[in-house]
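In: coords below, sequence missing:
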């Protein structure tokens, strides 16, 4: 009966309509756990992205070491000539 009245509201709405504080607390705890899980997933995805970017940067530096050295030396000579 209550389930049809609050269809789409979820555990918290059903618990509140039934007047069950314990059930409402459990529903809130479930929502918090889900939020923390999703936050942790976002942090993991961010860490993976940063790791991939670091690997790409290292590969680029190794691949273009000669050009980077030439550019660095040209900049240094330009600064020293001032």
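Out: Happy to help now that I have it. This structure is a prediction, so every number in the text was calculated from the model and none was measured. Residues are numbered from 1 along each chain as shown.

In: ranges for the helices of the protein?
Out: Assigned by DSSP state H, the chain shows helices spanning 2-5, 11-18, 21-63, 65-80.

In: average pLDDT across the longest one?
Out: Meaning helix 21-63. The pLDDT scores in helix 21-63 average 78.

In: ok, residue 42 - how many residues close by?
Out: 10 (other CB atoms under 10 Å). All C-beta spots, glycine's among them, are computed from the backbone N, C-alpha and C.

In: relative to residue 75, how far out is it?
Out: Using CB to CB, to the nearest Å, residue 42 is found at 39 Å from residue 75.

In: cool, residue 68 as well?
Out: Applying CB to CB to residue 68 and residue 75 gives a distance of 11 Å.

In: which one's more surrounded, these two?
Out: Applying other CB under 10 Å to residue 68 and residue 75 shows that residue 68 carries more neighbours, namely 13 against 10.

In: I'd say that one and residue 57 touch.
Out: No: Residue 68 is beyond contact range of residue 57, at 11.7 Å (criterion: CB atoms under 8 Å).

In: what sits against residue 82?
Out: Counting by CB atoms under 8 Å, 6 or more residues apart in numbering, residue 82 touches no other residue.

In: how much space between it and residue 32?
Out: 60 Å.
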